[in-house]
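Peer 1: sharing a model that was predicted from the sequence below.
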Amino acid sequence: MHANVGDILLVHGHVVGQKDRKGQIVEVRGPGGAPPFLVRYDDGHEQLVYPGPDAVVMPAGDES
């Protein structure tokens with residue numbers, strides 16, 4: 001998985017009824033755009049994320 005600062009990380013819910021989480025990548029700490037990513041979610045919470053197979057990186061400006 002590769003990302004740039006400003007990209008969106010979308011993590012799909014794990015169980016029925018759990019909403020997807022979407023946040024902006026504010027820092028890429030791995031070499032060459034690799035994880036981990038520091039992600040800021042809509043509620044202002046920041047979290048260091050090592051994305052799993054349930055996550056997708058969307059390029060900045062492609063949030064539709």
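Peer 2: Happy to help now that I have it.
Peer 1: look up how far R29 lies from the most centrally placed residue in the chain.
Peer 2: Using Cα atoms, centre = their mean, the residue of the chain that lies closest to the mean C-alpha position is L9, 2.2 Å off. Using Cβ to Cβ, to the nearest Å, one gets 13 Å for the distance from L9 to R29. C-beta: built from backbone N, CA, C; applies to glycine.
Peer 1: identify the contacts common to these two.
Peer 2: Jointly contacting L9 and R29 under the rule Cβ atoms under 8 Å, 6 or more residues apart in numbering are F37.
Peer 1: rewinding a little: residues touching the residue nearest to the centre of the chain, list them.
Peer 2: Contacts for L9 (Cβ under 8 Å, 6+ apart) come out as 3, 22-25, 37, 39, 49, 51, 55-58.
Peer 1: quick one: low-confidence ranges for this structure?
Peer 2: The model of the chain has pLDDT under 70 over residues 63-64.
Peer 1: which residues in it form strands?
Peer 2: Using DSSP state E, the strands of the chain run over 8-11, 21-28, 37-41, 46-49, 55-58.
Peer 1: so what secondary structure elements neighbour the second one?
Peer 2: Right, the one you point to is strand 21-28. strand 8-11, strand 37-41 (3 or more Cβ pairs under 8 Å, 6 or more residues apart in numbering; DSSP states H and E).
Peer 1: please produce CSV containing the ones you listed, extended by distance to Q18.
Peer 2: Shown next, in CSV, are the helices and strands packed on strand 21-28 (distance: least, Cβ to Cβ, whole Å):
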stretch, distance to Q18
strand 8-11, 10
strand 37-41, 15
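Peer 1: what's the closest non-adjacent residue to A55?
Peer 2: With Cβ to Cβ, 6 or more residues apart in numbering as the criterion, A55 has its nearest non-adjacent residue at 4.7 Å, and that residue is V11.
Peer 1: if you could redo that for Y41, that was the one I meant.
Peer 2: Y41 sits nearest to G23 (Cβ to Cβ, 6+ apart), 4.0 Å away.
Peer 1: pretty sure the one you found is touching R40, no?
Peer 2: Yes: the pair G23 and R40 qualifies as a contact (Cβ atoms under 8 Å) at a distance of 5.6 Å.
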